[in-house]
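1. compute the structure for the input listed below.
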Amino acid sequence: MKNRFLIFATLFSVCTSILQAQKVPNLQNYDNEPMHFGFNLGTNFMNFRSVASGIPDADGNMWYAELPTLNPGFHVGVTGDFKLNNYFALRLNPGISFGQRDIAFVNSAGTRRAKDIAVKSTFIDMPLLLKYRAVRDGNARMYLLGGVNGSLDLARSKKDDLILNPWDYYLEFGVGSDFYLMYFRFGVELKYSLGMTDVLYHDRPLTDNFDPRYMKSVKSLKSQIITISFNFE
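-> Numbering: from 1, shown residues only. Here you go, the predicted model:
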């Protein structure tokens, strides 16, 4: 995980250095236009914030849910940027995200469930974000993001060991920079999405292949996602 953020920081620094070294500003009237459209793509890392229920099993052991690894996912979307004034803009970023989270269950005796549970998600995202833009410096302009996102999970299956509720809502915060190239604006962005609802479906019907200890061990399961995006406008 640290290596991925190091790569992001290095790429960000290189782009800034190259564009600031250019003498002639590109797209000088770009920010005077009331709206811009484009597309974005990138990678994401989905995670869960798990709260244990504190309910022991028949042997008196407590079970805990944890994520042993982070799996990179993928996302793609469209961008609508609407100017409010010289420093603020309203951004719409509808898109689709793919990812997987592997959940391991371990009890207080140190016994681990034989096989991790793979939770696959395909989200339709509808984020609405407020973008604060710093003063343009040459061909680069830093910005901050904040807003909300409503998402619908299309990959939800009632056959999974852990069933997720289809809808979730996020608070989102981000930082990035726009780089003004000769023919378009290119952006690099890092965003954190904090899930606000318990997405675990607690009323899952019991089957022969499902051990109820794992469902009882989790009081709540909330999503959190880190996204690295590349924007083309």
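
2. what residues does the residue of the chain most remote from its centre make contact with?
-> Farthest-out residue of the chain from its mean C-alpha position, per C-alpha atoms, centre = their mean: residue 59, at 38.1 Å. Residue 59 is in contact with residue 109, counting by C-beta atoms under 8 Å, 6 or more residues apart in numbering. C-beta coordinates here come from the backbone N, C-alpha and C atoms, glycine included.

3. with the one 5 residues further on instead?
-> Residues counted as contacts of residue 64 (C-beta under 8 Å, 6+ apart) are 50, 52, 105, 106, 107, 108, 217.

4. quick one: the strands in the chain?
-> 35-52, 63-66, 72-83, 88-92, 95-107, 117-133, 140-153, 167-180, 185-195, 218-232 (DSSP state E).

5. got these as a markdown table, with distance to residue 28 and mean pLDDT columns?
-> Formatted as a markdown table, the strands of the chain follow (distance: least, C-beta to C-beta, whole Å; pLDDT from 0 to 100):
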| stretch | distance to residue 28 | mean pLDDT |
| --- | --- | --- |
| strand 35-52 | 15 | 93 |
| strand 63-66 | 52 | 84 |
| strand 72-83 | 16 | 94 |
| strand 88-92 | 18 | 95 |
| strand 95-107 | 30 | 91 |
| strand 117-133 | 16 | 94 |
| strand 140-153 | 13 | 95 |
| strand 167-180 | 8 | 95 |
| strand 185-195 | 12 | 95 |
| strand 218-232 | 19 | 93 |
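
6. would you mark the buried spots in stretch 120-139?
-> 120, 121, 123, 125, 127, 129, 131, 133, 136, 138, 139 (16 or more other C-beta atoms under 10 Å).

7. quick check: residue 160 vs residue 73, distance?
-> Computed as C-beta to C-beta, to the nearest Å, the residue 160 to residue 73 distance reads 17 Å.

8. residue 31: neighbour count?
-> 16 (other C-beta atoms under 10 Å).

9. cool, residue 153 as well?
-> The number of residues packed near residue 153 is 20, by other C-beta under 10 Å.

10. picking that back up, please convert the strands of the chain to CSV, extending it with distance to residue 25.
-> What follows is those, written out as CSV (distance: least, C-beta to C-beta, whole Å):
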stretch, distance to residue 25
strand 35-52, 17
strand 63-66, 50
strand 72-83, 18
strand 88-92, 19
strand 95-107, 30
strand 117-133, 15
strand 140-153, 10
strand 167-180, 7
strand 185-195, 12
strand 218-232, 19
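
11. nearest to residue 29, out of those strands?
-> strand 167-180 (10.7 Å; C-beta to C-beta).

12. show me what contacts the residue nearest to residue 95 when sequence neighbours are not counted?
-> Leaving aside its chain neighbours, residue 95 sits nearest to residue 77 (2.0 Å; criterion: C-beta to C-beta, 6 or more residues apart in numbering). By C-beta under 8 Å, 6+ apart, the residues touching residue 77 are 39, 40, 41, 93, 94, 95, 96, 125.
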